[in-house]
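1. quick one, what's the 3D model for this:
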Amino acid sequence: MKIPSSIVDWAKRSPFLRGIAYRGYNFYWKRRTRRDLARIYGRRPYFITDVNRVNVPTLDRIESQLCTAAQCIEPRYQYWCDQMRSPARLGRKQWEFVYIFEALRQHGMLTSGRKGLGFGCGREPLPAVFAKFGCSVVATDLKTDEAAAKGWVDTEQHASTLAGLNSQRLCDSKIFDEKVSFEFSDMNQIANAFNDKFDFVWSACAFEHLGSIRHGLDFVINAMACLKPGGLAVHTTEFNLSSDTETLEDPGCVLFRRQDMLKLKEELEARGYSVAPYNFNPGSDPVDTHIDAPPYSASPHLKLQLGQYVTTSIGVVITKPLIAN
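-> Alright, predicted model coming up:
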């Protein structure tokens, strides 16, 4: 039996019913994750909790770091998943959102009065959650015809209206309308009108789609001009775990190598910006050795096969100095 759309819309507006739905969804994903891990590992452990591990990426101390399984079971991970009403799972896209939230929080950016600018936002939950925390946000994305040509409209990875950024009602509609605005923007040609206006900028798995490695690096550098002195940039993207020499580079997607990330750091620091130290540790839990292959699963999906390469996500944190050098 099909439920009338009017009832569905009413349920979405009801905090009580949304809460029940989320608890049920959360329960489902916990059961599903246990089932999928049991299928892969049987009775073998898929997490090894060793307090003596060193140099392991953690959400407690954000650096420029890789996505790892251990971060997905930290308390802060669950906290941000609850804010997104997205059941915690071993998924790298979800990790990217959590990483951005926590990096901004640790740098004091998620407070009332802060202003943020997002690039390639698609339908991601970040703008709505930022608004809930009191931030004013300008979310941007490609013009609809350009996004359609890249296939992002058909796969629902593109936003063409403001409403699409709060479709899950993560933020009160009145607050959202007051705090969030939407503009079209090409990440390869950032408008000068954005310069020096924002406390923070972000992008989630977006700058690998700009046409080349050089285009991606240039975007990160150019986006720094949008920040006020003391502002913060947080970006996530694809990272090649297989090779530091060969990589995938085509107009649709590129995989950044360690050498590319180090080059980015060098070029940013030459311009007076500070880059949080890199932690290229890919994780040592058994789950970190699982490589998801097509057709991809939702969880575990931290490392995946893309062509001949294994890739994961990396986050980068950059600070603009208070005083220009």
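2. any stretches of the protein with poor pLDDT?
-> Scanning the chain with the threshold set as pLDDT under 70 gives 1-18, 49-53, 144-160, 324-325.
3. if you set the cut-off to 90 instead, what comes out?
-> Applying pLDDT under 90 to the chain picks out residues 1-55, 122-123, 142-169, 284, 298, 323-325.
4. how about the strands of it, start to end?
-> Using DSSP state E, the strands of the chain run over 64-65, 115-119, 136-141, 180-184, 198-204, 227-240, 249-250, 253-254, 274-275, 278-279, 291-292, 303-306, 309-319.
5. turn these into CSV, columns for distance to residue 164 and mean neighbour count.
-> Quick note: C-beta positions are derived from backbone N, CA and C, even for glycine. Below are the strands of the chain laid out as CSV (distance: least, Cβ to Cβ, whole Å; neighbours: other Cβ atoms under 10 Å):
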stretch, distance to residue 164, mean neighbour count
strand 64-65, 30, 24
strand 115-119, 13, 24
strand 136-141, 9, 23
strand 180-184, 8, 16
strand 198-204, 15, 26
strand 227-240, 20, 22
strand 249-250, 28, 13
strand 253-254, 23, 20
strand 274-275, 32, 17
strand 278-279, 34, 18
strand 291-292, 28, 17
strand 303-306, 26, 19
strand 309-319, 23, 22
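6. kindly reformat those strands as a markdown table containing distance to residue 44.
-> Compiled in a markdown table, the strands of the chain are given as follows (distance: least, Cβ to Cβ, whole Å):
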| stretch | distance to residue 44 |
| --- | --- |
| strand 64-65 | 26 |
| strand 115-119 | 40 |
| strand 136-141 | 43 |
| strand 180-184 | 45 |
| strand 198-204 | 33 |
| strand 227-240 | 27 |
| strand 249-250 | 37 |
| strand 253-254 | 33 |
| strand 274-275 | 38 |
| strand 278-279 | 27 |
| strand 291-292 | 17 |
| strand 303-306 | 18 |
| strand 309-319 | 21 |
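7. beta partners for residue 137?
-> Residue 137 forms beta bridges with residue 116, residue 180, as assigned by DSSP bridges.
8. for it, list the residues it contacts.
-> By Cβ atoms under 8 Å, 6 or more residues apart in numbering, the residues touching residue 137 are 115, 116, 117, 118, 127, 130, 131, 179, 180, 181.
9. distance check, the third one against residue 91.
-> Relative to residue 91, residue 117 is positioned 25 Å away (criterion: Cβ to Cβ, to the nearest Å).
10. now flag whichever of the contacts of residue 137 is closest to residue 311.
-> Proximity of these to residue 311 (Cβ to Cβ) peaks at residue 118, which lies at 22.9 Å.
11. pretty sure that closest one contacts residue 140?
-> Yes - using Cβ atoms under 8 Å, residue 118 makes contact with residue 140 at a distance of 6.3 Å.
12. now for those two: what residues contact both?
-> Counting by Cβ under 8 Å, 6+ apart, no residue touches both residue 118 and residue 140.
13. of all the strands of the chain, which one is nearest residue 82?
-> strand 198-204 (18.5 Å).
14. output the contacting helices and strands for the closest one.
-> Contacts defined by 3 or more Cβ pairs under 8 Å, 6 or more residues apart in numbering; DSSP states H and E place strand 198-204 against helix 92-106, strand 115-119, helix 213-223, strand 227-240.
15. including distance to residue 283, could these go into TSV?
-> Shown next, in TSV, are these (distance: least, Cβ to Cβ, whole Å):
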stretch	distance to residue 283
helix 92-106	11
strand 115-119	27
helix 213-223	24
strand 227-240	12
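16. out of those, the one nearest residue 287 is which?
-> Comparing the helices and strands packed on strand 198-204 by Cβ to Cβ, helix 92-106 comes nearest, at 11.8 Å.
17. what angle separates that closest one from strand 198-204?
-> Counting by axes from the mean of the first three to the mean of the last three Cα atoms, to 10 degrees, helix 92-106 lies at 170 degrees to strand 198-204.
18. elements contacting helix 92-106?
-> Packing contacts for helix 92-106, counted by 3+ Cβ pairs under 8 Å, 6+ apart, involve helix 75-84, helix 126-132, strand 198-204, strand 227-240, strand 309-319.
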